[in-house]
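Asker: just need the structure, nothing else, for what follows:
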Amino acid sequence: MAYYKTTMERIAQLNNTDMPKVTPQSDSLKVGWGRANFTPNKPVHLAGYGDRYGNSVGLQDSLMARAFVFENSERKVAMVTIDLLIVPPAVLEALQKRLPKLGYSMKNVYLSATHSHNSVGHWGTKIVGRLLAGSYQQAIVDRIAGAMIEAMQQAERTKEYARLGFQKIDAKDLVYNRLVREKGTLDPWLRVLKIQQQSGKTATLLTFAAHSTCFASEQKPISGDYPNRTIQLIEQNPKIDFAAFFAGAMGSHAPVDVPGGNDYKQLENISQKISKLVINHVDSIATQAEQQLFMRSVKIELRAPHVKISEGLRLRPWLFYALYGDYPSSITALRIGDLVFVGTPCDFSGELVARFDAISKKKNIETIITSFNGGYVGYITDDKWYDVNEPETRHMNWFGPYNGAYFTEMIQGILETM
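Answerer: As a prediction, this is how the structure comes out:
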């Protein structure tokens, strides 16, 4: 099909782009970090559940944009995550207008979100976006983009030479496959990047695959859900000065419930356990100076939308675009030392992550998949579950079938060039 051929030709062209060489004379990386608050000062519509109506009630925790800046003698890259459901197209557009003043563009900014279903809305421009996230408000969009810029500015100011280390920690007891339960597989790993500056200050960047859905739709406090609480607990420890959460392969995965507990108990349970895993392991994560740093982005094409209303009823493509919008999407890849972060424009299923193990081993890299990189194309799940009557596969697999195989092949092709 034309969409497939076009995208694969773009990925093939990456092979003509030389991977930056590291020489003994190359500078090691400088790294800085920063945060900025964008918590609304009044009740707002929350984004995350289609059956939620009315404004927020109360404040559980503040909403933040968090950023890292990595720099060597030849280039710099920012990694930014926000306490939102996704990185909405409207926020991305507002951010893009501000980046040149900092010396950045989308070619060197890697994005993700914490995927909280209790964070602020008001960023959807089309009919479905407004139903999900409330009326569009430019002031809120500008505030979010401004916080992302402020976090990057702080990160620029705090750069120091730094050493990096990485560890995967088994957290299978904290996550389950919500799509098909025991029939499916898990991405059980808590992935932790440790950054230790020359001055001794330490930061952690972590990813995990459990959905940020500790609060049910009936609970409406403004909150960053368990990722935010986990970060709070980590930063309370004197070993760690800063932490940030990037959504992992969250499609198909959910946090394990607390038997007999309520939403707040589940939130505290998973947050306490993840933070303890990080804190207990951080000292054992060996660090070293790194030099390699570069980022690539490939615009992807998709087949015509094929949204299922029921087993035999689909939306026409023109109607989908009228309701949802038509936004460009890409896959982003960032190499830092021997780590390769791959950003996807979707809820990428954790069931697909193991498919990259072979190529990661071959390339001697560690691949870390994240979701919500600034585009959004729905859920990308294993193709064998395409006909399962669940929201992920029935209503949110917008461009299926065969997208599991398609995204796997795209990412494998990009990894070959990293």
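Asker: touching the helix or strand of the chain with the lowest mean pLDDT from outside, list them.
Answerer: Counting by mean pLDDT, DSSP states H and E, the weakest-scoring helix or strand in the chain turns out to be strand 308-310, with a mean of 88. Contacts of strand 308-310 with the rest of the structure, by Cβ atoms under 8 Å, 6 or more residues apart in numbering, involve Arg314, Leu315, Arg394, His395, Asn397. Where C-beta positions appear, they are placed from N, C-alpha and C, glycine not excepted.
Asker: if you rank these by neighbours, which is first?
Answerer: Asn397 (28 neighbours; other Cβ atoms under 10 Å).
Asker: enumerate every residue touching that residue.
Answerer: Taking Cβ under 8 Å, 6+ apart as the definition of contact, the neighbours of Asn397 are Lys308, Gly378, Tyr379, Ile380, Thr381, Tyr386, Asn403.
Asker: can you give me the helices for this structure?
Answerer: Secondary structure of the chain (DSSP state H): helices located at 2-14, 89-98, 127-133, 138-157, 225-235, 263-282, 317-324, 357-363, 391-394, 403-416.
Asker: these: which one's closest to Glu71?
Answerer: Within the helices of the chain, the stretch nearest Glu71 is helix 138-157; the backing value is 8.7 Å (Cβ to Cβ).
Asker: just checking, what packs against that closest one?
Answerer: strand 30-37, strand 64-71, strand 76-82, helix 89-98 (3 or more Cβ pairs under 8 Å, 6 or more residues apart in numbering; DSSP states H and E).
Asker: if we can go back for a sec, go through the helices of the chain and pick out the most buried.
Answerer: helix 225-235 (a mean of 24; mean count of other Cβ atoms under 10 Å).
Asker: residue ranges with poor pLDDT in the stretch 251-400 of the chain?
Answerer: Nowhere does the stretch 251-400 of the chain drop to pLDDT under 70.
Asker: surely Asn403 meets Ile380?
Answerer: Yes: if you go by Cβ atoms under 8 Å, Asn403 and Ile380 touch, sitting 5.1 Å apart.
Asker: got a list of what Asp170 touches?
Answerer: Contacts of Asp170 by Cβ under 8 Å, 6+ apart are Pro188, Trp189, Leu190.
Asker: identify the bridge partners of it.
Answerer: Using DSSP bridges, the bridge partners assigned to Asp170 are Trp189.
Asker: ok, the nearest residue to Gly325 once chain neighbours are set aside to Ser330 distance?
Answerer: In space, and not counting its chain neighbours, Gly325 is closest to Lys126: 4.2 Å by Cβ to Cβ, 6 or more residues apart in numbering. As defined by Cβ to Cβ, to the nearest Å, Lys126 lies at a distance of 20 Å from Ser330.
Asker: and the strands in the stretch 101-250 of the chain?
Answerer: For the stretch 101-250 of the chain, strands defined by DSSP state E, counting those that start in this stretch occupy the ranges 109-113, 119-120, 160-170, 175-177, 189-197, 202-208, 242-247.
Asker: output the contacting helices and strands for the last one.
Answerer: In terms of contacts (3+ Cβ pairs under 8 Å, 6+ apart), strand 242-247 is packed against strand 30-37, strand 64-71, strand 76-82, strand 109-113, strand 202-208, helix 225-235, strand 366-371.
Asker: what's the local residue count around Lys201?
Answerer: Lys201 is flanked by 17 other residues according to other Cβ under 10 Å.
Asker: quick one, what contacts it?
Answerer: Taking Cβ under 8 Å, 6+ apart as the definition, contacts of Lys201 comprise Glu160, Asp241, Phe242.
Asker: try 10 Å
Answerer: Lys201 makes contacts with Val31, Gly32, Trp33, Thr158, Glu160, Ala162, Ile195, Ile240, Asp241, Phe242, as judged by Cβ atoms under 10 Å, 6 or more residues apart in numbering.
Asker: dump the residues you listed to CSV, plus distance to Tyr104.
Answerer: Formatted as CSV, the entries for the contacts of Lys201 read as follows, by distance: Cβ to Cβ, whole Å:
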residue, distance to Tyr104
Val31, 16
Gly32, 14
Trp33, 16
Thr158, 16
Glu160, 20
Ala162, 20
Ile195, 20
Ile240, 26
Asp241, 24
Phe242, 20
